[in-house]
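Student: Mind folding the following:
(chains A and B)
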Amino acid sequence: MLEKTKNIARQILEEKKASAVFGLMRNEWNIIQPHLFEDPAGLANLVLEPKWLLAKLAMRILRSSPENYKLAVICRGCDERALIELIKRNQIEKENLLTIGIACSQEQAAICLCDRPYPEKLDAGEKVSGVDPFQDERVRKFLIGNDKERMKRWADMLKRCIKCYGCRNSCPICICEPCKLEDDVWVQRGVVPAETITFHLIRAFHLSDTCVACGACQEACPVNIPLLYLQLGMRKTLREKYGYEAGLDPETKSPVLSSAFEKPDTDREFPDWINSLREEDES
Amino acid sequence: MNQPRILIFACKWCGFIGADAAGKKRISLPSRFRVIPMECASLVETDAILRALAGGIDGIAVLGCHIGGCRYNNANHTAIKRLELLQDLLDTTGIGSSRLLLSFGTAHEDYQFEEIIKNFFDELTLLPPLDPWL
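Tutor: Purely as a prediction, here's the structure:
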């Protein structure tokens, strides 16, 4: 997989399809870091492990570079979905972005609770089947019980928050400027732990239909709050009701933005008189 | 036990007219609720709902127009979809989706408004308090 990725990257650089390839490099002190490969010779140091989300960095590079600067990003499934979501949000020009998709291993998918551990445009590696997060023991243990038990569990968990904003800063899709989480109207400032309902649930809901389940928030959390579990229910609903999953296709808009006629739910029935009303409208 | 407190966001074309009419007819209603008229149900920010919950409100009702009867290009559809997603989040965290009442089209008339609010009050009285969160 590594050799194949290197070959593709070399080809891209030699044919000047992109100005640089963005990936991970093992540097001279044996430390792995994100790196912009502009010279094909440097690709010898390219590595693919560990999982490192490059989407947010790639967005910053593309935003601060000249207009016709093209970037090829070596990305995993979640990275690719995040980049597509950023394209949808007009943060990245679609023409300026190339992706080299690599598949994750089965172990990695199990760690991340990933139900889609491969990119849509797969260039290197073998597709492995995803994990259903709701079947996982960790998730089940956390989400079982009645409302009262769950509320207690979540409240205790979220009260560990030290308000480092790591979840927001690491999220590839959290891009709003200014951010509501820094505004006194919504979340009281200067209070630790953060107000549980507002801080965490506002953040979680802002990502309701955009979350690509990369797990960056959870990995960044210094007190190990399982923030990804907040998103799972909403992602499931979107998939079951509207057949929508974030980050699969830059053209498909979130169903939350369209009316129930354009994108009907699977289980919503309309009263009879609506049809007559619509015909009147059209005539 | 304390009576629950309710905040109602009502679309000014349907829900608010119903609420207003209920007041004019002197229908006896539980006292601990406030109605905020909105231009459209789709303008109810989900963040405001969460803020209200954090501020000690026990239940929030969003009253909008009939599906298909919206004045603003089916804007109430997006409101339903969004708020139903929020209900999912509330369920996951154990706050419970029953704290967020969505009523589209049934709040047209005063007696329906009365019924909705009374039922909502009864339902909220049975729910565990939000204390662990605050």
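
Student: check contacts around residue 71.
Tutor: Since you didn't name a chain, this refers to chain A. By CB atoms under 8 Å, 6 or more residues apart in numbering or on different chains, residue A:71 lies in contact with A:18-22, A:58, A:61-62, A:65, A:96-98. No exception for glycine: its C-beta is placed from N, CA and C like everyone else's.

Student: not what I meant, chain B
Tutor: B:13, B:40, B:65.

Student: Which member of the residues you listed is positioned nearest residue A:48?
Tutor: Checking the contacts of residue B:71 against residue A:48 with CB to CB, the nearest one is residue B:40 at 49.2 Å.

Student: Surely that closest one is in contact with residue B:74?
Tutor: No - the criterion here is CB atoms under 8 Å, and residue B:40 misses it with residue B:74 at 10.5 Å.

Student: End to end on stretch A:121-130, go ahead and measure it.
Tutor: End-to-end distance of stretch A:121-130: 16 Å, with CA to CA, to the nearest Å as the criterion.

Student: got the buried residues for that stretch?
Tutor: A:122-125, A:128, A:130 (16 or more other CB atoms under 10 Å in any protein chain shown).

Student: Select from these every entry located in helices.
Tutor: Using DSSP state H, no member of the buried residues of stretch A:121-130 falls in helices.

Student: Name the strands paired with whichever strand or helix holds residue A:73 and say parallel or antiparallel.
Tutor: Residue A:73 belongs to strand A:71-75 when assigned by DSSP states H and E. Taking DSSP bridges as the criterion, strand A:71-75 pairs within the sheet with strand A:20-26 (parallel), strand A:97-101 (parallel).

Student: Name the next helix or strand downstream of it, please.
Tutor: Note on strand A:71-75: by DSSP H and E, the next helix or strand toward the C-terminus is helix A:77-88.

Student: So what touches that next one?
Tutor: Counting by CB under 8 Å, 6+ apart, A:53-56, A:58-59, A:73, A:75, A:92-94, A:97, A:99, A:101, A:103-104, A:112, A:114, A:116-121, A:172-173, A:175, A:210, A:212-215, A:246-250, A:253 sit against helix A:77-88.

Student: Go through the buried residues of stretch A:121-130 and name the one nearest residue B:8.
Tutor: When these are compared against residue B:8 (criterion: CB to CB), the nearest one is residue A:130, at 42.3 Å.

Student: Next one: the closest one from chain B, what distance?
Tutor: 20 Å (CB to the nearest CB, to the nearest Å).

Student: quick one, helices of chain A?
Tutor: A:2-14, A:55-64, A:77-88, A:106-112, A:137-143, A:147-158, A:166-170, A:202-206, A:216-220, A:228-242, A:273-282.

Student: Over to chain B?
Tutor: Counting by DSSP H, the helices of chain B are B:15-24, B:46-54, B:75-92, B:110-126.

Student: any idea which of those is most buried?
Tutor: helix B:75-92 (a mean of 23; mean count of other CB atoms under 10 Å in any protein chain shown).

Student: which helices and strands sit right next to it?
Tutor: Helices and strands touching helix B:75-92, by 3 or more CB pairs under 8 Å, 6 or more residues apart in numbering or on different chains; DSSP states H and E, are helix A:202-206, helix A:228-242, helix B:46-54, strand B:59-64, strand B:100-104.

Student: one step back: and among the helices of chain A, the most buried is which?
Tutor: For the helices of chain A, the highest mean count by mean count of other CB under 10 Å goes to helix A:77-88, at a mean of 25.

Student: got the angle between it and helix A:55-64?
Tutor: Orientation check (axes from the mean of the first three to the mean of the last three CA atoms, to 10 degrees): helix A:77-88 against helix A:55-64 gives 40 degrees.

Student: who in the stretch 101-250 of chain A is up against chain B?
Tutor: Applying CB under 8 Å from any CB of the partner chain, we find that the stretch 101-250 of chain A lies next to chain B at A:143, A:145-156, A:180, A:186, A:195-198, A:201-202, A:204-205, A:208-209, A:229-230, A:232-234, A:237-238.

Student: got any ranges where the chain has weak pLDDT?
Tutor: Since you didn't name a chain, this refers to chain A. When residues are selected by pLDDT under 70, those of chain A lie in A:270-283.

Student: Sorry, I should have been clearer: chain B.
Tutor: Those would be B:1, B:106-108, B:134, if you go by pLDDT under 70 across chain B.

Student: Of all residues in it, which one is closest to chain A?
Tutor: residue B:94 (3.1 Å; CB to the nearest CB).

Student: burial of the closest residue to residue A:25 other than its chain neighbours, as a residue count?
Tutor: Of all residues not flanking residue A:25 in the chain, residue A:35 sits nearest, at 3.6 Å (CB to CB, 6 or more residues apart in numbering or on different chains). With neighbours defined by other CB atoms under 10 Å in any protein chain shown, the count for residue A:35 comes to 18.
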